[in-house]
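Student: I would like the atomic coordinates for the input below:
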Amino acid sequence: MVEWFDWFVYSSFAVYFAGSFFPEGNTTAQLFNTMAIFAVGFIMRPIGGWLLGRIGDRRGRKAALTLTVTLMSASAILIALAPTYAVAGYGGVAVLLIARLLQGLSVGGEYAASATYLTEASAEGKRGFASSFQYVSMTAGQLIGLALQIVLQNTLSDEALHGWGWRIPFIIGALGAAVVFYLRRNMLETEVFNEAGETVGGDAGHDGAGRGTLKALWQHKREAFLVIALTMGGTVAYYTYTTYLTKYLSGTAGLPKQTATLVSFCALFVFMCLQPLAGALSDRIGRRPLLITFAVGGTLLTVPIMSLLKYAGSFWPAFGLALLALVIVTGYTSINACVKAELFPTGIRSLGVALPYAIANALFGGTAEPLALRLKQSGIESAFPWYVAGCAAVSLIVYLTMRETRTIDLHRVGRQDEHTGAGRTRVGEPVAD
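Tutor: Prediction:
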């Protein structure tokens with residue numbers, strides 16, 4: 001929750017600090033420059049996915065999780081203390097850039113480490129339900145950021161928010177990360193990882209030496225490319241209806257900033273509550289039906305929803321449309337963590353989830369908002385919903401052709417692959433009891 005609070009408040013409060021670092025140009029241009037730095041964080045996510053995924057597979061999920069929160073705390077402190085253009089010229093932009101690079105490293109490993117930990121620590125028949133709490137905590141972090149924004153909007157003047165109030169959430173994030181560091185230092189390692197370590201003798205031996213390496217990941221290249229393809233539509237849709245939604249409602253639909261923030265908060269709260277329900281449903285009917293439902297809805301309904309949002313003149317129409325969009329996205333968010341973790345054996349699971357997922361986010365998730373703002377600047381904003389729908393359509397093809405992963409035995413797959421290098425299942429192929 002704290003990790004994703006720090007990640008998302010940059011986007012949420014960008015409307016208030018963009019002018020402090022980029023004083024020239026109109027509001028859209030300032031936002032574009034600020035969100036371009038936001039996108040740079042996504043470029044670092046593949047590097048973070050590789051580095052922290054390797055650590056997670058070789059040293060344990062706990063070690064990776066502890067390191068990610070340390071990086072995130074450092075980045076939050078940097079943003080909180082970043083000098084404005086009036087004080088240091090573009091030196092403040094350099095500080096923002098460094099901070100976003102650290103955040104990209106952190107989040108690049110955080111997603112995979114937490115997805116792997118939740119999936120491995122869960123009972124076999126409840127992996128979908130348990131792993132859905134990843135997006136519960138992610139959304140909770142975003143909600144806390146939005147709630148803080150609402151509080152600050154109603155307690156500080158607009159001038160104060162633009163001047164210094166935007167620094168408050170980053171200070172809070174840094175303090176919260178220090179608490180999380182202590183909690184993660186005292187968490188237990190998963191049994192699946194420990195069993196795999198005992199099988200190959202930890203990091204010793206020829207089998208153990210290959211854990212968390214790119215060479216080992218290449219042996220599962222089909223699964224890695226599958227992660228990229230199945231992430232494409234989901235991450236574009238997710239960032240469209242979370243980080244970009246508030247700006248779209250205020251900048252395009254013409255709603256006041258306070259109303260736009262409230263719409264996002266209420267819609268995300270319901271979205272958060274839906275995640276465990278959808279995750280539990282996937283434990284009963286499988287992962288593919290939910291993924292396919294998301295992709296069909298994203299392909300067919302994105303353009304109508306975004307078009308209608310443009311003319312939503314008040315809270316309730318905007319809330320209804322935003323909620324509909326997030327209900328559709330739930331088919332992806334609630335289970336994507338366990339689906340990806342279920343594709344790989346234990347010794348390569350963290351890296352196998354982290355690197356392909358981070359690449360997909362760098363290519364599609366991180367570029368979604370800057371692309372939308374660039375199209376708006378160019379006067380062709382209406383093209384963006386078609387792009388989102390097209391990404392969902394590509395993922396739909398993947399969901400229709402992939403196999404079900406719900407019945408895979410993580411313990412047995414991990415032992416077979418670590419010990420002999422053989423017996424790897426095909427994508428989504430269940431392992432018999």
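
Student: Next, the contact list for the closest residue to residue 338 other than its chain neighbours, please.
Tutor: Nearest residue to residue 338 in three dimensions, chain neighbours excluded: residue 131, at 3.8 Å (Cβ to Cβ, 6 or more residues apart in numbering). Glycine gets a C-beta too; all of them are placed from N, C-alpha and C. The contact partners of residue 131, by Cβ atoms under 8 Å, 6 or more residues apart in numbering, come to 115, 118-119, 122, 279, 335, 337-338, 341.

Student: Apply 10 Å and report the result again.
Tutor: Contacts for residue 131 (Cβ atoms under 10 Å, 6 or more residues apart in numbering) come out as 114-122, 275-276, 279, 282, 334-342.

Student: Mean pLDDT per helix and strand in the chain: which one sits at the bottom?
Tutor: Scoring the helices and strands of the chain by mean pLDDT, DSSP states H and E places helix 205-208 at the bottom, with a mean of 44.

Student: by contact count, what packs against the one helix or strand residue 322 maps to?
Tutor: For residue 322, the element it lies in under DSSP states H and E is helix 315-333. Packing partners of helix 315-333 (3 or more Cβ pairs under 10 Å, 6 or more residues apart in numbering; DSSP states H and E): helix 133-155, helix 221-241, helix 245-251, helix 257-285, helix 288-309, helix 383-401.

Student: redo that, cut-off 7 Å
Tutor: Packed against helix 315-333 by the contact rule (3 or more Cβ pairs under 7 Å, 6 or more residues apart in numbering; DSSP states H and E) you find helix 221-241, helix 257-285, helix 288-309.

Student: List the ones among the contacts of residue 131 that fall in helices.
Tutor: Of the contacts of residue 131, the ones assigned to helices by DSSP state H are 114-120, 275-276, 279, 282, 336-341.

Student: Let's verify residue 313: helix, strand, or coil?
Tutor: With DSSP: H, G, I helix; E, B strand; the rest coil as the basis, residue 313 sits in coil.

Student: With residue 243 instead?
Tutor: Recorded secondary structure, residue 243: coil (three-state DSSP).

Student: For it, which non-adjacent residue is closest in space?
Tutor: Take residue 243 and drop its neighbours on the chain: the residue closest to it by Cβ to Cβ, 6+ apart is residue 11, 4.2 Å away.

Student: The helix or strand where that neighbour lies: what's the following helix or strand?
Tutor: Assigned by DSSP H and E, residue 11 belongs to helix 2-12. Under the assignment DSSP H and E, the closest C-terminal helix or strand after helix 2-12 is helix 14-21.

Student: what's that following helix packed up against?
Tutor: In terms of contacts (3+ Cβ pairs under 7 Å, 6+ apart), helix 14-21 is packed against helix 27-58, helix 91-120, helix 158-163.

Student: quick one: contacts for the residue positioned nearest the centre of the chain?
Tutor: The geometric centre of the chain, computed from its C-alpha atoms, lies nearest to residue 111 (Cα atoms, centre = their mean), at 6.7 Å. Listed by Cβ atoms under 7 Å, 6 or more residues apart in numbering, the contact partners of residue 111 are 354, 357.

Student: same thing with the one 4 residues further on?
Tutor: Residue 115 makes contact with 131, 134, 337, 340-341, 353 under the criterion Cβ under 7 Å, 6+ apart.

Student: Kindly report the same for residue 353.
Tutor: 112, 115-116, 227, 340-341, 344.

Student: if you set the cut-off to 6 Å instead, what comes out?
Tutor: 112, 115, 340-341 (Cβ atoms under 6 Å, 6 or more residues apart in numbering).

Student: could you dump the helix or strand where residue 79 lies to CSV, C-alpha only?
Tutor: Under DSSP H and E, the secondary-structure element containing residue 79 is helix 61-81. The C-alpha coordinates for helix 61-81 follow below in CSV (Å, rounded to 0.1, in the frame of the first residue of the first chain):
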residue,chain,number,x,y,z
ARG,A,61,11.0,-13.0,-1.8
LYS,A,62,11.5,-11.3,1.6
ALA,A,63,14.9,-9.8,0.6
ALA,A,64,13.5,-8.4,-2.6
LEU,A,65,10.5,-6.9,-0.8
THR,A,66,12.7,-5.2,1.8
LEU,A,67,15.0,-3.7,-0.9
THR,A,68,12.1,-2.3,-2.9
VAL,A,69,10.7,-0.3,0.0
THR,A,70,14.1,1.1,0.8
LEU,A,71,14.4,2.5,-2.7
MET,A,72,10.9,3.9,-2.6
SER,A,73,11.5,5.7,0.7
ALA,A,74,14.6,7.4,-0.8
SER,A,75,12.8,8.5,-3.9
ALA,A,76,9.9,10.0,-1.8
ILE,A,77,12.4,12.0,0.3
LEU,A,78,14.0,13.4,-2.9
ILE,A,79,10.7,14.6,-4.4
ALA,A,80,9.7,16.2,-1.1
LEU,A,81,12.9,18.2,-1.0
